[in-house]
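K.L.:
What shape does this take:
(one chain, ligands or ions: 1)
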Amino acid sequence: MKYVDEFRDPKKAQALQQQIAELMQDLSKGRTSPLQIMEFCGGHTHTIFRYGIEQMLPDSIEMVHGPGCPVCVLPMGRVDDCVALAERPDVIFTTFGDAIRVPGSKKSLLQAKADGADVRMVYSPLDALELARQNPDRQVIFFALGFETTMPSTALTVQQAKAEGIDNFSLFCNHITTVPTIKAILDSPDMQIDGFLAPGHVSMVVGAQPFQFIAGHYHKPIVITGFEPLDILQSIYMVLKQMHEGQCRVENQYARVVPEAGNEAGLQAISDVFELREFFEWRGLGSIDHSGVKMRDEYAAFDAERKFNVPNLKIADPKSCQCGEVLKGVIRPWECKVFGNQCTPETPMGALMVSSEGACAAYYNFGNLPELLARREQQQADAGASAA
Ligand code: SF4
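P.N.:
A predicted model of the protein is given here:
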C-alpha cells in the first residue's frame, strides 16, 4: 500500500472484520467474559474511536485503553512543579501544546500563563534551544515529556546545547519508559489482558526485542501496530490468530516503519544523556520501578531539577476522579461518576480528558454521549436496586 486512503479502504476493513468474527466464533467458546485486548498507545486509542473500530468488533472482544498517553499519566505534583518553574521571573517555560491544559492541584500551565508566567508552546525541543540562544539573559526550560518516541529528539537537543556551550537551557525531564509499565500492568491482579497491540512509534525507536518477555514469560500474544484503521484491524486479527493457533510471539504489523532492531542512533543518544530512575510516579497507576529516566551526571548542568528548586510534592487526585481505574481497564471512561458532567474537554478534572489521545476525551468526542450517559445512569440504578 502506498497512499493513506488505502489504509482506510472500507472493503478491506470489512474483509478483516469478517475474518475477526470467524476467529472469534471459535475463541469465544467456553468463555464467560469478553476477550480483552489492550492497546497501550494513546495514538491507537484515538484511531480506534475516530474510525469506530470498536463498533466493528464482535461483543466478545473488549478493547482496553492502556496508559500510553504521556500527558494523561503525568501526576498532579509534576504539573505543580512545572507551574512553580514557569512562575520564576527569570524563566521562559516551553512545552508541547497538549501538556498546557493538564490540571495541577491549583492551576494548569495555561492558567499560569494567564496569570503572567512566560509559558510558550513549541513544536520541538530545538525550538526551545533556539529561544535560549535568542534570550541569553533568561533561563529557558523545556518540559521534556513522552515515551521512548520523543526521548531521542530531547537527548540530541541537550547534546547540541552542550556542544555549543549554551548555559541558559535545561530540561524538566518527565520522559517515561514503556516496557516496565507493561510489566506492571501484567503483574496487576486487577487486570486480565489476553493480548496486546504494542506501540508503533515507541517500537520504531526500541525495536521488537524489548517486548519478547510479554510472549516468552507472560505467554501473551503481542503485535506492533501502526496507526491507520486497517493497521489496527489487521493487528487485532493477528493477535486472535496467534491465540487460535495456541501461539505467543511478538509480531511486527508496522514493518513499513519499525525496524526489528529499532533506531541505533536514537538509542545511542538516549543512553548517552539519560539513565533509569529507580521509580517514577504515574497518575492512576502509582509508583512503577524503572518507569522513568533522569539525566546523567555528565548533563547535570542541563537538568532543571538540579538547577532550580523544584517543590517535588506528591498530590493525590481529586476523590471523584477515576482516571486510575480507567487506565487499568477496570472501568470504562463513561462509567466514571464525573464523565460528561463535571469532567469534559472544556473543564477537565482528570488528565484523560485533556489530551486527544486520552481515553475519556476519545469517548467524549467520538462516542454517542447521550447514549453513554444513559448507560451509566442505568448502571447506577441497577447497582442501587441490587444494594437495596
Ligand atoms: S471522566 Fe475525567 S475524572 Fe473521570 S476518569 Fe475520565 S478524565 Fe478522569
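
K.L.:
and residue 121, how many neighbours?
P.N.:
15 (other Cβ atoms under 10 Å). C-beta here means a position set from N, CA and C on the backbone, and glycine is covered the same way.

K.L.:
Where in the chain is the helix or strand with the lowest mean pLDDT?
P.N.:
Least confident element among the helices and strands of the chain, by mean pLDDT, DSSP states H and E: helix 323-327 (a mean of 82).

K.L.:
Show the residue spans covered by the helices in the stretch 151-300 of the chain.
P.N.:
For the stretch 151-300 of the chain, applying DSSP state H, counting those that start in this stretch gives helices covering 151-164, 179-187, 200-206, 212-216, 229-244, 264-273.

K.L.:
neighbouring contacts of the last one?
P.N.:
Defining contact as Cβ atoms under 8 Å, 6 or more residues apart in numbering, one finds that helix 264-273 is touched by 148, 151-152, 154-156, 158-159, 205-206, 293, 295-296, 299.

K.L.:
ok, the residue in the stretch 251-388 of the chain positioned nearest to the ligand - contacts?
P.N.:
Of all residues in the stretch 251-388 of the chain, residue 350 sits closest to the ligand, at 2.4 Å by Cβ to the nearest ligand atom. Neighbouring residues of residue 350 by Cβ under 8 Å, 6+ apart: 103, 317, 318, 321, 322, 323, 336, 338, 343, 360.

K.L.:
ok, now with 6 Å
P.N.:
321, 323, 343 (Cβ atoms under 6 Å, 6 or more residues apart in numbering).

K.L.:
Also within reach of the ligand: list those from the residues you listed.
P.N.:
321, 323, 343 (Cβ under 6 Å from any ligand atom).

K.L.:
Just the buried subset of those residues, please.
P.N.:
With burial judged by 16 or more other Cβ atoms under 10 Å, the buried subset of those is 321, 323, 343.

K.L.:
ok, what's across the strand from the last one?
P.N.:
Here residue 343 sits in beta bridges with residue 339, as judged by DSSP bridges.

K.L.:
distance of it from residue 162?
P.N.:
Residue 343 sits 42 Å away from residue 162, going by Cβ to Cβ, to the nearest Å.

K.L.:
Which residue ranges make up each domain of the chain?
P.N.:
1-317, 323-387 (automatic domain parsing).

K.L.:
Please identify the buried residues of stretch 295-305?
P.N.:
Quick answer for stretch 295-305 (16+ other Cβ under 10 Å): 295, 299, 301, 302, 303, 304, 305.

K.L.:
Could you export those to CSV, including columns for pLDDT and secondary structure?
P.N.:
Shown next, in CSV, are the buried residues of stretch 295-305 (pLDDT from 0 to 100; DSSP: H, G, I helix; E, B strand; the rest coil):
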residue, pLDDT, secondary structure
295, 97, strand
299, 98, helix
301, 98, helix
302, 98, helix
303, 98, strand
304, 98, helix
305, 96, helix
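
K.L.:
quick one: which of those is nearest residue 71?
P.N.:
residue 304 (18.5 Å; Cβ to Cβ).

K.L.:
which residues does that closest one contact?
P.N.:
Residue 304 touches 141, 170, 172, counting by Cβ under 6 Å, 6+ apart.

K.L.:
and the last one, how many neighbours?
P.N.:
Which is residue 172. 23.

K.L.:
pLDDT at it, what is it?
P.N.:
At residue 172, the pLDDT value in this model is 98.

K.L.:
In strands only, show me the contacts of residue 304.
P.N.:
If you go by DSSP state E, the contacts of residue 304 have 141, 170, 172 in strands.

K.L.:
which one of those is nearest residue 23?
P.N.:
Residue 23 has its nearest neighbour among those in residue 172, at 46.1 Å by Cβ to Cβ.

K.L.:
In space, what's closest to the closest one - neighbours in sequence excluded?
P.N.:
residue 304 (4.3 Å; Cβ to Cβ, 6 or more residues apart in numbering).
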